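Participant: Sharing a model prediction with you, sequence too.
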Amino acid sequence: MYVPGHFKQDDVAVLHDTIRRIGVGTLVTLGSDGLEASHIPMLIDPAPGPYGTLRGHVARANPQWKRVDAKVPALVTFLGPNAYVTPNWFPSKRETGKVVPTWNYLAIHATGPVRFFEDREPLRDIVTSLTTTHEGRREMPWAVTDAPADYIDAMLKAIIGFELPIARLEGKWKLSQNKSEADVAGLRAGLAAEPGEDAASLVAAMSDL
């Protein structure tokens, strides 16, 4: 990923927290049929350090896990909040006209060797952890044990687990850090007036810088 210095985010704790909030990553691998990608809910485990391990599962019917070249590192991408930025938000547009539209976003790339497995108990752990993560905030959270045990066993047979120890972790927080203070203030005001959670999340990310 091309990351100019002013957009670089390399705080591992911030990157892990953002991965948890995004939730879904894109697993890209090279295999016998070329590049393949799957969009998958994932867990991030801080161990082993310094970058941690991604875990998740794919459908057994998905041929990606059979065709992956284990000698080639896999790539997982996470795209966070993002929004179009109009030049009209920048005071410099009125002063010089020397501005163009852009797109601001948070993005994370994780690279490392991927291992697929069929072991039942690690698979159950992944499914249970994913469920706990995403049901935990609900008033009446659903649990894996709410379903009949034989049904869960059948569902586990239909998936393949994976883990990816992260060898390289890159973050790009493209939030117009290369603009003047006046233009950044204009951007904040413009995004704050936009509808949708992404715009609000980008304003919050700018405040955290």
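Facilitator: Sure thing, it's come through. Small disclaimer: the values here were computed from a predicted structure and weren't measured. Residues are numbered from 1 along each chain as shown.
Participant: what's the weakest-modelled helix or strand in the chain?
Facilitator: Every helix and strand of the chain was ranked by mean pLDDT, DSSP states H and E. The lowest is helix 91-95, at a mean of 93.
Participant: What are the contacting residues of that helix?
Facilitator: Residues outside helix 91-95 that contact it (C-beta atoms under 8 Å, 6 or more residues apart in numbering): 87, 98-99, 179-180, 182-183, 186. In this view, the C-beta of every residue, glycine as well, is placed from N, C-alpha and C.
Participant: Going by residue numbers, what spans are helices in the protein?
Facilitator: All helices of the chain, identified by DSSP state H, fall at 12-22, 64-67, 91-95, 120-135, 149-156, 181-192, 197-208.
Participant: what pLDDT, on average, does the shortest one get?
Facilitator: Summarised as a single mean, pLDDT over helix 64-67 is 96.
Participant: Enumerate the positions of it that are buried.
Facilitator: Across helix 64-67, burial judged by 16 or more other C-beta atoms under 10 Å covers 64-65.
Participant: Which elements pack onto that helix?
Facilitator: Contacts defined by 3 or more C-beta pairs under 8 Å, 6 or more residues apart in numbering; DSSP states H and E place helix 64-67 against strand 24-31, strand 34-41.
Participant: got the CA positions of that helix in CSV?
Facilitator: Presented in CSV, the C-alpha positions along helix 64-67 are these (Å, rounded to 0.1, in the frame of the first residue of the first chain):
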residue,chain,number,x,y,z
GLN,A,64,-10.0,-20.5,-2.3
TRP,A,65,-8.7,-22.6,0.6
LYS,A,66,-7.8,-25.5,-1.6
ARG,A,67,-6.0,-23.5,-4.3
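Participant: mind starting the numbering at 496 from now?
Facilitator: Will do, 496 is the new start, and the previous item becomes helix 559-562.
Participant: Need the residues that contact that helix.
Facilitator: If you take C-beta under 8 Å, 6+ apart as the criterion, helix 559-562 is touched by 522, 524, 526-528, 531-533, 553, 611, 655, 657.
Participant: Please compute how far it lies from its chain's middle.
Facilitator: How far helix 559-562 lies from its chain's middle: 22 Å, per C-alpha atoms, centre = their mean, to the nearest Å.
Participant: before we move on, what about stretch 569-579?
Facilitator: Computed by C-alpha atoms, centre = their mean, the chain-centroid distance of stretch 569-579 equals 6 Å.
Participant: Distance of residue 616 relative to residue 623?
Facilitator: With distances taken as C-beta to C-beta, to the nearest Å, residue 616 is found 10 Å from residue 623.
Participant: So if I had to pick from these two, which one is more boxed in?
Facilitator: Applying other C-beta atoms under 10 Å to residue 616 and residue 623 shows that residue 623 carries more neighbours, namely 14 against 8.
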